[in-house]
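Novice: Got a predicted structure plus its sequence, pasted below:
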Amino acid sequence: QVGLLTGIVMSFVTMMIGRFIQRSSVKSWILGIEMETEDIVPISVVSDVTVIDDYAHHPTEIRATLSAAKDYPHDELWVIFQPHTYTRTKAFLPEFAKALEQADHIVLADIYAAREVDTGEVSSKDVMKLLQEDGQDVHYFPSFEEIKDFVKAHVKGHDLLITMGAGNVVEIGEELLAEK
């Protein structure tokens, strides 16, 4: 958990100074120790929207990231979440929904299968259903293209957009930036 928290602090320091600094250097500076570097990666700011990619794929990591994001200056907090593996999604389904509730708006992508096969037992729609039952603003799209179109139509200046997950969800932020 210290590694994640350090990554969050490092990410915001990096964004505030407006340029990318190697994450391990910042972590070393903050704590005086070397740690893993798979944490939040600031991508860029486009049209006054800050775009961040985060590797969080467990409810504890999601909660920590979104809690820290609340302190970053923004109007609305948008999260594009891609669950990682069917077994993890099934095992932590209610915890994922509870963790994601911290965002103002949630967009769900299909589960990133990694090494697994879809048995049809769980899907991102199950996460969406739990979030809807709790009154959250949540949307599901089966393709990254649909997600990008939705985001371009709804995310506005001074919003914070976090792509989140251990799969290929980072591509959405990268493609949005490439289109600017």
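Specialist: Nice, thanks for sending it over.

Novice: And the pLDDT for S47?
Specialist: For S47, the pLDDT comes out at 70.

Novice: what's the closest non-adjacent residue to it?
Specialist: Nearest residue to S47, sequence neighbours excluded (Cβ to Cβ, 6 or more residues apart in numbering): G157, at 6.0 Å. (C-beta placed from N, C-alpha, C; glycine too.)

Novice: The one you found contacts D48, doesn't it?
Specialist: Yes: counting by Cβ atoms under 8 Å, G157 does reach D48; the two are 3.6 Å apart.

Novice: any chance you could map the helices in this structure?
Specialist: 2-17, 23-31, 59-69, 86-91, 93-100, 124-133, 144-154, 170-179 (DSSP state H).

Novice: what ranges of this structure fall below the confidence cut-off?
Specialist: For the chain, applying pLDDT under 70 flags the ranges 1-44, 46, 180.

Novice: could you redo the last one with a cut-off of 80?
Specialist: Counting by pLDDT under 80, the chain has low-confidence residues at 1-47, 180.

Novice: Just give the number of residues close to the residue nearest to H139 when sequence neighbours are not counted.
Specialist: Nearest non-adjacent residue to H139, counting by Cβ to Cβ, 6+ apart: V107, 5.1 Å away. A total of 27 residues lie near V107 under the criterion other Cβ atoms under 10 Å.

Novice: Could you measure from V107 over to E121?
Specialist: With distances taken as Cβ to Cβ, to the nearest Å, V107 is found 23 Å from E121.

Novice: Q82 too?
Specialist: Taken as Cβ to Cβ, the span from Q82 to E121 is 18 Å.

Novice: out of the two, which sits in the busier spot?
Specialist: Between Q82 and E121, Q82 has the larger neighbour count (other Cβ under 10 Å), namely 24 against 10.
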